[in-house]
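Peer 1: Sequence and predicted structure are below.
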Amino acid sequence: MNSQSFTKGSKIFVASDINFTMGLIISGRVAITVGNHQIVLNPGDIVGALDFAQNTYSFEYVALSSVEMIPYIFNEQKGLWSLLQSDDKLLGHLFRSFRVQIGELISLYLSLKNDYDSLGEFVNSLSKRYLAMCQILQIKPKLLPASGDIVPLSGQLPFWLTEYYSSVNELLNEPSRLSAGFAFGFLAKSAQDIAILNGQIGSMAGNMAGYSALLINESGFDFYDIYSQLYFTARDLGNDPVFVLNTLNQILAKVRELGVCPATLIDARQNEFNNLSMPMVSSVESSVSNAVTTAKLSNAVNEILEFADTVNSTAGEFRRCIDAYRSLDNRDSESADVVDLKKRLTSLFYIIYSDVVTKAIKQDTVPVVIKMFINFGFVDAELAGMNNAIELYEIADKFNGNPSMGIYTMLEWFKAVFEGRKLPSRNEFAVDYAKYVRTLVKEGRISIASEEEMLTNGREKIIYELNNMFNSVNRMTYGRPHSFCPVLSESNLLKNPKQLLSSPDKLLDCINFYKDIDYSVFFHEYNFEDYKFGIKETVYADIRPDIILTPNVGNRVVLWQEIEGMNRRSPGRVCISALYADNLNRGILRSFAEFRWEMCKRDNGMRWSDVTSHCLTAEYYDYAQFYSKNKELSIDAKDKIRENLKRCRNNYKELFINDYINYMIYEVQGSVRLNKAVRDILFKFAPPSMPYREKLATNQLFDEVLQKIRIEQGQALHRLDVIETKYRQAGKDIPREIEHKRAYVTR
């Protein structure tokens with residue numbers, strides 16, 4: 001039998017590819033990639049033994065050196081059965097190699113499980129230690145980093161499994177005595193155990209990366225930041241912060257040990273802390289030369305209420321609620337008293353907010369404290385922390401959106417609605433303002449004569465926007481609805497306001513970066529028709545959603561509506577906190593994914609989940625619903641889908657959003673994270689731009705999906721050539737819509 005040669009670094013078999021070959025190593029070494037770890041195979045070992053009788057490969061096999069390998073090709077399990085019956089030598093090599101490989105896999109699992117349990121205990125101890133330190137220092141704790149993406153391991157190994165395979169290795173040490181039937185049955189039945197082992201290793205690796213992100217991540221909302229702030233607080237209170245410094249060093253050591261976080265990020269965060277911990281010449285307060293600012297901020301509640309001109313009884317109750325909220329030891333407590341206070345405070349806040357907004361939108365110059373209230377939810381300097389309040393005061397006067405690029409502060413948005421430049425948003429039941437007014441007429445609450453006046457009345461439109469979209473979306477973007485309170489509190493400010501600020505430049509940089517990858521994400525489909533030339537073609541308009549900055553410290557980006565009213569060629573609306581306390585890249589990518597999903601549902605109507613409609617939502621819905629019957633997916637891949645569905649509470653849209661984020665961050669860069677089925681769907685309906693396709697062309701794993709894109713691109717260009725020829729022959733200019741589609745197709 002002829003051998004095959006592979007150069008160092010070559011991928012011999014790729015995970016998720018169809019399994020029809022095993023290989024006997026003659027010379028060289030091959031690595032089995034298991035998560036972030038490797039099992040090394042040597043001459044005499046069988047490449048593919050751990051994927052015995054599987055329809056697809058579960059592991060990736062890479063040449064660590066120049067490799068010579070004898071391939072054993074089979075088309076199905078019966079072909080594999082015939083191979084083992086006819087080749088005793090292969091049977092011996094296979095069984096011996098399998099015993100070694102599964103032994104290595106079990107050893108890897110046990111080692112990783114020990115590290116995993118230790119890491120989990122370390123992260124849990126950080127939470128307890130932090131709360132204890134805050135109690136000792138008598139300060140209010142910050143909100144701790146959330147571990148929502150880390151789920152308990154499921155599908156635990158049977159308690160007897162490791163000892164079972166250890167015994168098998170001792171008992172069956174003479175494979176020459178084994179029959180082909182026994183060997184085939186034993187290896188085939190072991191596939192389920194291997195899938196469980198691989199799934200456990202993959203889940204632990206993913207969760208360890210999640211734990212690492214809790215310790216240090218790019219967004220800065222992590223335990224290292226929480227403990228850094230604790231260090232400075234302890235120092236400023238005159239305490240020796242060495243006990244906090246020890247914990248900071250432990251966090252750094254643990255992250256470096258895990259090796260998931262880039263060393264450059266770890267060094268940058270450590271250098272930032274070292275620079276800040278150097279003796280400072282002056283404090284934040286002393287840097288503010290004008291003491292009037294502090295006095296003004298101390299009187300903020302009165303200034304806001306005076307500007308609002310709210311009914312005295314309401315204003316008085318609001319003051320009392322603010323005083324009670326300020327005096328709470330734990331504003332995030334779930335006790336009945338605290339929950340009731342926050343509910344009442346929220347209700348009063350929106351009454352006053354409405355009075356302030358309806359007055360402020362008519363003024364050319366708005367006082368800075370009022371801007372702080374409208375754009376950030378600021379009410380009280382002690383609640384927000386005086387340092388934070390001073391910093392917000394410096395920001396608020398010059399803080400603007402970029403309406404020409406579709407980015408609005410809350411004040412700018414209400415002005416745009418009031419002046420008729422923007423329609424009011426749909427409410428949570430998808431009812432727009434025009435339909436709401438028609439309902440009032442039908443119910444006899446207003447006359448037909450009043451309908452037209454109400455449709456153009458700026459104040460009525462603002463009231464509708466305040467009572468519907470604003471109240472809902474302010475809570476949603478906050479991200480923790482059960483503990484929501486619209487009043488800005490220091491406990492929510494994990495970093496200083498300047499670091500959290502969702503500035504237009506920061507947002508545009510992030511949006512443009514990812515839009516350069518998924519260039520068609522905001523394309524709105526519509527039909528171009530020219531009956532004179534017999535042309536009917538689906539074309540696209542690139543319309544980016546408006547971004548509205550809600551007045552809170554939040555961690556969720558919300559797609560409120562994908563289009564404006566019923567106009568399919570209008571911008572949607574995405575809402576994000578003015579002070580965004582999470583990873584902005586993931587937040588923006590989430591809005592991209594949600595927009596794709598919702599726009600596809602709108603375009604396809606009732607058929608959005610009908611696989612015969614050949615659209616994104618339908619094909620993904622079919623994949624997610626029937627993944628267990630998909631023969632192209634390995635047992636390991638199906639286990640991962642099952643785990644991810646649990647994590648997403650069986651919500652297919654959430655599953656899609658997670659896959660899309662992995663696609664944009666990893667897959668388009670050539671780093672495999674998705675199974676073949678999902679990869680095919682995303683490359684089909686959200687193809688990356690040409691520079692990324694050219695980069696992926698060097699990776700054989702993407703050959704099939706890239707070839708499909710090239711075929712579809714060629715077909716589309718042929719159709720456009722035919723259309724353009726008709727216009728040229730008639731001496732007519734090519735319509736702009738057709739030119740735009742050509743530009744889209746060739747990107």
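Peer 2: Thanks, I have the structure now. All figures in this text were calculated on a predicted structure; none of them were measured in a lab.

Peer 1: CA atoms for contacts and neighbours, from now on please.
Peer 2: Will do.

Peer 1: what are the ranges of the helices in the stretch 401-550 of the chain?
Peer 2: 410-418, 433-442, 448-456, 458-465, 471-478, 497-500, 504-515 (DSSP state H, counting those that start in this stretch).

Peer 1: which one of the ones you listed lies closest to residue 25?
Peer 2: helix 504-515 (43.0 Å; CA to CA).

Peer 1: Name the residues of the closest one that come out as buried.
Peer 2: For helix 504-515, burial by neighbour count (16 or more other CA atoms under 10 Å) applies to 504, 507, 510-511, 514-515.

Peer 1: from those, which is closest to residue 20?
Peer 2: residue 514 (37.7 Å).

Peer 1: which one is the most centrally placed residue in the chain nearest to, not counting chain neighbours?
Peer 2: Centre of the chain computed as the mean C-alpha position; nearest residue by CA atoms, centre = their mean is residue 586, 4.0 Å away. Of all residues not flanking residue 586 in the chain, residue 661 sits nearest, at 7.0 Å (CA to CA, 6 or more residues apart in numbering).

Peer 1: Please identify the helix or strand for that neighbour.
Peer 2: helix 652-665 (DSSP states H and E).

Peer 1: So which elements touch that helix?
Peer 2: Counting contacts by 3 or more CA pairs under 8 Å, 6 or more residues apart in numbering; DSSP states H and E, helix 652-665 packs against helix 584-604, helix 616-625, helix 635-647, helix 676-685.

Peer 1: Could you point out the longest helix of this protein?
Peer 2: helix 88-137 (DSSP state H).

Peer 1: helices and strands around that helix, which ones?
Peer 2: strand 37-41, strand 46-47, helix 161-171, helix 180-215, helix 223-236.

Peer 1: Residue 238 - how many residues pack around it?
Peer 2: 9 (other CA atoms under 10 Å).

Peer 1: again with residue 326
Peer 2: Neighbours of residue 326 using other CA under 10 Å come to 16.

Peer 1: State the distance from it to residue 487.
Peer 2: 11 Å (CA to CA, to the nearest Å).

Peer 1: do residue 568 as well
Peer 2: 36 Å.

Peer 1: Also residue 495?
Peer 2: Where residue 487 is concerned, residue 495 sits at a distance of 17 Å (CA to CA).

Peer 1: Correct me if wrong: residue 676 contacts residue 18.
Peer 2: No. With contacts counted by CA atoms under 8 Å, residue 676 stays clear of residue 18, the gap being 10.3 Å.

Peer 1: can you list contacts of stretch 686-703?
Peer 2: 14, 516-521, 668-670, 706, 709, 747 (CA atoms under 8 Å, 6 or more residues apart in numbering).

Peer 1: Can you name the element that comes right after the helix or strand of the chain with the lowest mean pLDDT?
Peer 2: For the chain, using mean pLDDT, DSSP states H and E, the weakest element among its helices and strands is helix 284-287, scoring a mean of 44. From helix 284-287 onward toward the C-terminus, using DSSP H and E, the following helix or strand is helix 291-298.

Peer 1: List the buried residues for that following helix?
Peer 2: Those buried within helix 291-298 under the rule 16+ other CA under 10 Å are 294, 297-298.

Peer 1: ok, the residues you listed vs residue 181, which is closest?
Peer 2: So of the buried residues of helix 291-298, ranked by how close each gets to residue 181 (CA to CA), first place is residue 297, at 82.9 Å.

Peer 1: Apart from its neighbours in sequence, what residue is nearest the closest one?
Peer 2: residue 381 (5.8 Å).

Peer 1: List the contacts of the one you found.
Peer 2: 297-298, 300, 388-389.

Peer 1: which pair in those spans the largest distance?
Peer 2: 300 and 388 (13.7 Å).

Peer 1: start to end distance for stretch 27-42?
Peer 2: First-to-last residue span, stretch 27-42, CA to CA: 7 Å.

Peer 1: oh, I was asking about stretch 258-268
Peer 2: 17 Å.

Peer 1: can you check stretch 491-500 too?
Peer 2: Stretch 491-500: ends 14 Å apart by CA to CA.

Peer 1: do the same with stretch 402-412
Peer 2: Termini of stretch 402-412 sit 9 Å apart (CA to CA).

Peer 1: count of neighbours near residue 367?
Peer 2: 14.

Peer 1: Next: the one 4 residues further on.
Peer 2: Around residue 371 sit 26 other residues, with neighbours defined as other CA under 10 Å.

Peer 1: what's the helix or strand for it?
Peer 2: helix 368-376.

Peer 1: picking up where we left off before, of residue 568 and residue 487, give the one with the bigger neighbour count.
Peer 2: residue 487 (23 against 18).

Peer 1: what's the closest non-adjacent residue to that one?
Peer 2: residue 377 (5.3 Å).

Peer 1: quick one: the one you found from residue 488, how far?
Peer 2: In terms of CA to CA, residue 377 sits 5 Å off from residue 488.

Peer 1: Now for these two: what residues contact both?
Peer 2: residue 552.

Peer 1: Toward the C-terminus from whichever strand or helix holds residue 552, list the very next helix or strand.
Peer 2: Using DSSP H and E, residue 552 maps to strand 546-554. Downstream of strand 546-554, the next assigned helix or strand under DSSP H and E is strand 558-561.

Peer 1: List the strands paired with that next one, with their directions.
Peer 2: strand 573-580 (antiparallel) (DSSP bridges).

Peer 1: Between helix 368-376 and the strand it pairs with, find me the angle.
Peer 2: When axes from the mean of the first three to the mean of the last three CA atoms, to 10 degrees is applied, the directions of strand 573-580 and helix 368-376 differ by 120 degrees.

Peer 1: Now for the residue lying closest to residue 438 once chain neighbours are set aside, how many residues are close by?
Peer 2: Among residues not flanking residue 438 along the chain, residue 451 sits closest, at 7.4 Å (CA to CA, 6+ apart). With neighbours defined by other CA under 10 Å, the count for residue 451 comes to 16.

Peer 1: can you count the residues close to residue 22?
Peer 2: Neighbour tally, residue 22, other CA under 10 Å: 21.

Peer 1: Isn't it up against residue 49?
Peer 2: Yes. Contact criterion CA under 8 Å: residue 22 and residue 49 qualify, at 7.1 Å.

Peer 1: Quick check: the gap between the residue nearest to the centre of the chain and residue 597.
Peer 2: From residue 586 to residue 597 the distance is 16 Å (CA to CA).

Peer 1: go on, residue 650?
Peer 2: 16 Å.

Peer 1: Settle it for me: which of the two has more neighbours?
Peer 2: Taking other CA under 10 Å, residue 650 and residue 597 do not tie; residue 597 has more neighbours (20 against 15).

Peer 1: how about the nearest residue to the more buried one, chain neighbours excluded?
Peer 2: residue 617 (6.2 Å).

Peer 1: burial count for residue 370?
Peer 2: Residue 370: 27 neighbours (other CA under 10 Å).

Peer 1: contacting residues for it?
Peer 2: Residue 370 neighbours (CA under 8 Å, 6+ apart): 303-304, 307, 356.

Peer 1: and which of those is nearest to residue 7?
Peer 2: Nearest member of the contacts of residue 370 to residue 7, counting by CA to CA, is residue 356, at 70.6 Å.

Peer 1: what's that closest one sitting at in phi/psi?
Peer 2: Dihedral pair for residue 356: phi -70, psi -50, per degrees, to the nearest 10.

Peer 1: Could you report the distance from it to residue 401?
Peer 2: Counting by CA to CA, the gap from residue 356 to residue 401 is 20 Å.

Peer 1: Buried residues in stretch 630-649, which are they?
Peer 2: Buried, per 16+ other CA under 10 Å, within stretch 630-649: 632-645, 647-648.

Peer 1: tell me the mean pLDDT for stretch 369-376?
Peer 2: Stretch 369-376 carries an average pLDDT of 96.

Peer 1: show me what contacts residue 294?
Peer 2: Counting by CA under 8 Å, 6+ apart, residue 294 has contacts 386, 390.
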